[in-house]
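Participant: I would like to see how this sequence folds:
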Amino acid sequence: MSMPRCDQTIAWTALQGHFEAHGRGFDLREAFARDAGRFDAFGVSAPEVYADLSKNRWDDTTRRLLVELAEECGLPAHRDAMLRGDPINTTEGRAVLHTALRAPRGTAPFSDDVHEVLDRLLAYAEEVRAVDRSGFTDVVNIGIGGSDLGPQMAVPALQAYSHPGLKLHFVSNVDGHDIAPVLQQLNPATTLFIIASKTFTTQETMANAQAALAWFKATGGTDIARHFVGVTTNIAAAAQLGIHQTFGFWDWVGGRYSLWSAIGLPLAIAIGAEGFREFLAGAHAMDQHFAQAPLESNLPVQLGLLDVWYRNFHGFSSRSVAPYHQGLKRFPAYLQQLEMESNGKCVDAEGRRFAYATSPVVWGEPGTNGQHAYFQMLHQGTDVIPVEFIAVKTTSHDRSPLPDTVRAGLADQHVKLLANCLAQSQALMLGKTAADALNEKAPTASATLDRQVLANHRSFPGNRPSSTLVLEALTPRSLGALIALYEHRVFVSGAIWGINSFDQWGVELGKALCSQLLPRFATGEAEGLDASTAGLLARLRG
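Facilitator: You can find the predicted model right below:
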């Protein structure tokens, strides 16, 4: 579907004028002083998620012009085309239907196929979870990219809901230092390996699969068919390795959107069939919100438009994600692939070079760890970096077998965690003047340093934007909704920019060159190589 280029729209021109007149010098402190209702005006509710967007450098006019930009760029029609199953992945001629994976039976394209696999998958997961009968104590997922990042993020996030008798392990890197320490923990008689690769040709995954098979045979394993399962469409390749239990998915499921498919098998094993269906239901609820809510109150739309505002008008080149819940420790890494692989493009869907910036760099760590690391830069660095805080109101400690006194102490720690989350967003916005710092005592400061110099060191510019997403609790349902929220947000910014967010040609060149270099490690042949690569090859072989 051909859409107008965003930089050629009336709304884009209006936004440029608005930025010069009001956006460049926008001050959050002044905005809150002028408008007592700003928090309510810029709060957006969606299934399982509330978002406070009031600490961002925008106003009602900004938001109205951004919505006009979305309409002029045909965002609603593009969204509907995706949900309908049109082949919006134009470079590969494919539909984009990860939403169909979490839709109730009979309500989306390919429903019969989806639910046939889902039912088999969940039945198998329940068999594995019956540890007294299955005998499994450890499950190892071997995959990479979308076949790893999703399950590796979601399983620890939902640890409170996981089977207490099963340990989940994840191996992705072709570096043997990834799989070796995992194998050293295992007993072949009680271990299940999941080999996750759509084609069963992914170099890193197949190398690790071969290592797992070699270990299994060398340590007394005898029943490959029982201890290895494939998540793949290449049934013949799996069978060649002795793997006969397989679960497939479809070419309209991109890797970074595949957690909802059979790629989610590790999560299904961890939280069970009922939990996995709740996970899907949360995502579907967010799908419905994205499909039906007006653009002005549509949370994925509002976040995606805010991303465009910051990237193309303010020129902010990165965004930090700070989840204040240890269970979401891998969430920033998951979002890196989701956003940067989707929208890290320099040409539009018609192959034309962009004259404007696209995907920001996405990065982060859980709070409060990040506060003792990179938050220094967020508060006092020379770059303005919008921050996304994720707060979870209630804990899951009541689901743990810990003593009551310990759980009470952990509940108190959670209050400290939430207070830190709010304090960080407040500090980013308010800052501190040198005059205020001059009137404070700093116990660790040098006694001989000039007071004004010290005050300059202890001042903060403030006016640094942030958003705060709030979940009532981290449950299968709320995690599903949160992930779907980010998927649709990435779709929105990509659609505005005119990107095909569902291909990833940028990962191909390095793979192809690797295949050409591998034989040279055996022969040492360097003809045709650039001087740097030839020199490094010689050094690494020597």
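
Participant: so where do the helices sit in the stretch 401-542 of the chain?
Facilitator: Here the stretch 401-542 of the chain has its helices, by DSSP state H, counting those that start in this stretch, at 404-430, 434-438, 451-457, 476-497, 508-523, 531-541.

Participant: Please tell me how far residue 111 sits from residue 105.
Facilitator: Using Cβ to Cβ, to the nearest Å, we find residue 111 at a distance of 6 Å from residue 105. To be clear about C-beta, it is placed using only N, CA and C from the backbone, and glycine gets the same treatment.

Participant: Among these two, which residue is more densely surrounded?
Facilitator: residue 111 (14 against 11; other Cβ atoms under 10 Å).

Participant: give the contact list for that one.
Facilitator: Residue 111 is in contact with 100, 103, 105, counting by Cβ atoms under 8 Å, 6 or more residues apart in numbering.

Participant: quick one: buried residues of stretch 204-217?
Facilitator: Buried residues in stretch 204-217, counting neighbours by 16 or more other Cβ atoms under 10 Å, are found at 204, 205, 206, 207, 208, 209, 211, 212, 213, 215, 216.

Participant: from the contacts of residue 111, which is closest to residue 538?
Facilitator: Of all the contacts of residue 111, residue 100 has the smallest distance to residue 538: 51.3 Å, by Cβ to Cβ.

Participant: Could I get the phi/psi values of the closest residue to the closest one other than its chain neighbours?
Facilitator: Distance criterion Cβ to Cβ, 6 or more residues apart in numbering; nearest residue to residue 100, sequence neighbours excluded, is residue 108 at 3.9 Å. Taking degrees, to the nearest 10, you get phi -150, psi 160 for the backbone angles of residue 108.

Participant: Show the contacting residues for residue 108.
Facilitator: Residues near residue 108 by Cβ under 8 Å, 6+ apart: 97, 99, 100, 114.

Participant: can you pull the contacts of the last one?
Facilitator: So the one you mean is residue 114. 100, 101, 103, 108.

Participant: between the residues you listed, which has the most around it?
Facilitator: residue 101 (27 neighbours).

Participant: quick one: pLDDT of that residue?
Facilitator: Here, the pLDDT recorded for residue 101 equals 98.

Participant: My read is that it contacts residue 252, right?
Facilitator: No: the pair residue 101 and residue 252 fails to qualify as a contact (Cβ atoms under 8 Å) at a distance of 9.7 Å.

Participant: now do the same end-to-end measure for stretch 338-351.
Facilitator: Stretch 338-351 has an end-to-end distance of 21 Å (Cα to Cα, to the nearest Å).

Participant: So what touches it?
Facilitator: Applying Cβ under 8 Å, 6+ apart, the contact partners of stretch 338-351 are 2-3, 5, 90-91, 256, 353-354, 358-362, 486-487, 490-491, 493-494, 497-502, 504, 506-507.

Participant: how's this protein carved up into domains?
Facilitator: What the record gives for the chain is the domain set 6-88+283-435+453-497, 99-275, 505-541, from automatic domain parsing.

Participant: could these go into JSON lines alongside distance to residue 442?
Facilitator: Listed next are the domains of the chain as JSON lines, based on distance: least, Cβ to Cβ, whole Å:
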{"stretch": "domain 6-88+283-435+453-497", "distance to residue 442": "6"}
{"stretch": "domain 99-275", "distance to residue 442": "39"}
{"stretch": "domain 505-541", "distance to residue 442": "47"}
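
Participant: What count of nearby residues applies to residue 423?
Facilitator: A count of nearby residues for residue 423, using other Cβ under 10 Å, gives 11.

Participant: Relative to residue 389, how far out is it?
Facilitator: Relative to residue 389, residue 423 is positioned 11 Å away (Cβ to Cβ).

Participant: which residue ranges form the helices in the stretch 51-200 of the chain?
Facilitator: For the stretch 51-200 of the chain, helices defined by DSSP H, counting those that start in this stretch occupy the ranges 60-72, 75-84, 111-129, 131-134, 149-157, 176-183.

Participant: How about residues contacting stretch 423-441?
Facilitator: Residues outside stretch 423-441 that contact it (Cβ under 8 Å, 6+ apart): 28-29, 55, 322, 367, 371, 375, 378-379, 387, 389, 451-452, 454-456, 458-466, 468.

Participant: could you dump the helices of the stretch 51-200 of the chain to TSV with mean pLDDT and distance to residue 305?
Facilitator: Output for the helices of the stretch 51-200 of the chain, formatted as TSV (pLDDT from 0 to 100; distance: least, Cβ to Cβ, whole Å):
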stretch	mean pLDDT	distance to residue 305
helix 60-72	98	4
helix 75-84	97	9
helix 111-129	98	31
helix 131-134	97	48
helix 149-157	98	26
helix 176-183	98	39
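
Participant: looking at those, which is buried most?
Facilitator: helix 149-157 (a mean of 25; mean count of other Cβ atoms under 10 Å).

Participant: tell me how far stretch 36-47 is from the chain's mean position?
Facilitator: 24 Å (Cα atoms, centre = their mean, to the nearest Å).

Participant: what's in contact with it?
Facilitator: With Cβ under 8 Å, 6+ apart as the test, stretch 36-47 has contacts from 31-32, 35, 50-54, 56, 58, 60, 282, 285-286, 288-289, 293, 297-300, 302, 481, 485.

Participant: Look at residue 517 and report its pLDDT.
Facilitator: At residue 517, pLDDT is 96.

Participant: which one is it nearest to, not counting chain neighbours?
Facilitator: Among residues not flanking residue 517 along the chain, residue 537 sits closest, at 7.3 Å (Cβ to Cβ, 6+ apart).

Participant: Report the separation between the one you found and residue 511.
Facilitator: On the measure of Cβ to Cβ, residue 537 and residue 511 end up 18 Å apart.

Participant: From residue 454, how far off is the residue of the chain most remote from its centre?
Facilitator: The outermost residue of the chain, judged against the average C-alpha position, is residue 448 (47.9 Å), by Cα atoms, centre = their mean. Per Cβ to Cβ, residue 448 is found 10 Å from residue 454.

Participant: Same drill for residue 537 and residue 511, tell me which one is more crowded.
Facilitator: Between residue 537 and residue 511, residue 537 has the larger neighbour count (other Cβ under 10 Å), namely 17 against 11.

Participant: show me what contacts that one?
Facilitator: Contacts for residue 537 (Cβ under 8 Å, 6+ apart) come out as 517, 520, 521, 524, 526, 529.

Participant: Mind checking what secondary structure the spatially most central residue of the chain has?
Facilitator: Nearest to the geometric centre of the chain sits residue 335, at 2.1 Å (Cα atoms, centre = their mean). Look at residue 335: counting by DSSP: H, G, I helix; E, B strand; the rest coil, its state is helix.

Participant: Look up the closest residue to it, ignoring the ones flanking it.
Facilitator: Here the residue nearest residue 335, using Cβ to Cβ, 6+ apart, is residue 362, at 5.2 Å.

Participant: Go ahead and name everything in contact with the strand or helix carrying that neighbour.
Facilitator: Using DSSP states H and E, residue 362 sits within strand 361-363. The contact list for strand 361-363, computed with Cβ under 8 Å, 6+ apart, reads 317, 318, 319, 320, 321, 332, 335, 336, 339, 340.

Participant: how distant is that strand from the center of its chain?
Facilitator: Offset of strand 361-363 from its chain centre (Cα atoms, centre = their mean): 10 Å.

Participant: Identify each buried residue in stretch 188-199, please.
Facilitator: Applying 16+ other Cβ under 10 Å to stretch 188-199 flags 188, 191, 192, 193, 194, 195, 196, 197, 198 as buried.

Participant: can I assume residue 238 is in contact with residue 231?
Facilitator: No: applying Cβ under 8 Å, one finds residue 238 not in contact with residue 231, separated by 9.3 Å.

Participant: Which one of these two is surrounded by more residues?
Facilitator: Neighbour totals were compared for residue 238 and residue 231, and residue 231 leads with 28 against 22 (other Cβ under 10 Å).

Participant: quick one: contacts for the nearest residue to that one once chain neighbours are set aside?
Facilitator: Closest residue to residue 231 apart from its sequence neighbours, by Cβ to Cβ, 6+ apart: residue 196 at 4.2 Å. Applying Cβ under 8 Å, 6+ apart, we find residue 196 in contact with 141, 142, 143, 147, 148, 151, 205, 230, 231, 232, 263, 265.
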